[in-house]
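A.B. asks: Starting from these lines, generate the structure:
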Amino acid sequence: MPAIPAGSSYGAVAKGLHWLIALAIVTMLVIGFTMTRMPNGSEKFALFQWHKSIGITILLLSLLRLLWRLVHPVPPLPPAMPRWEKIAARASHAFFYVLMIGMPLTGWAIVSASPLNLPTMLYGIVRWPNLPVLPDLENKKEIGHMIGGFHNTGAYVLAGLLALHVAAALKHHFMDKDDVLARMMPKAFAGLLERLRENE
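C.D. replies: The predicted structure follows:
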């Protein structure tokens with residue numbers, strides 16, 4: 001495959017965080033949509049615990065990724081990419097960060113405001129505290145219900161944005177034939193994608 005221009009590929013840390021978070025988000029969405037349709041019981045409770053654990057993991061990884069991104073500037077987009085696509089790409093990435101950080105925070109707030117006061121055990125090992133203030137509010141049930149509405153809506157928005165992100169990446173690789181997708185892929189997978197493109 002043609003070499004990716006120097007400086008246009010992400011580093012190993014950025015790639016690792018990207019794919020770890022992506023896998024966690026997909027898992028989180030599957031668990032979230034599944035558990036909300038289940039009857040109450042031990043299985044649903046177990047899924048809720050996994051949902052909370054993965055959510056906090058996404059929050060921590062996203063904060064780390066944001067810090068890494070601020071310290072390590074992202075590679076420039078292809079010069080041939082239209083200006084509107086560059087603006088859309090930057091806007092979607094910013095929106096992703098809002099959701100990757102905001103969704104776990106709203107989930108954490110829901111748990112913290114719950115009158116059930118169930119403990120959050122990350123992966124059944126580490127006890128995660130509630131957000132301060134929320135457990136002591138008199139109207140915490142109403143606040144939790146309101147935040148829950150934002151959280152549920154955000155799940156559908158995140159799923160839609162993820163689908164759009166994947167579609168845009170595939171469009172760049174197979175239609176525009178640029179390196180937008182390859183620069184975020186491990187070398188072995190980037191080579192496989194290039195062979196798939198050449199065999200079209």
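A.B. asks: I figured residue 184 was touching residue 15, is that so?
C.D. replies: Yes - contact criterion Cβ atoms under 8 Å: residue 184 and residue 15 qualify, at 6.0 Å. For glycine as for every other residue, the C-beta is placed from the backbone atoms N, C-alpha and C.
A.B. asks: where exactly do the strands run in this structure?
C.D. replies: Along the chain, counting by DSSP state E, strands occupy 120-122, 126-128.
A.B. asks: helices and strands around the last one, which ones?
C.D. replies: It stands for strand 126-128. strand 120-122 (3 or more Cβ pairs under 8 Å, 6 or more residues apart in numbering; DSSP states H and E).
A.B. asks: Pull the distance from the strand it packs on to the chain's centre.
C.D. replies: Put simply, strand 120-122 sits 20 Å off its chain's centre (Cα atoms, centre = their mean, to the nearest Å).
A.B. asks: Based on its surroundings, how many neighbours for residue 145?
C.D. replies: Neighbourhood size, residue 145 [other Cβ atoms under 10 Å]: 12.
A.B. asks: An error on my part: the question was meant for residue 16.
C.D. replies: Neighbourhood size, residue 16 [other Cβ under 10 Å]: 14.
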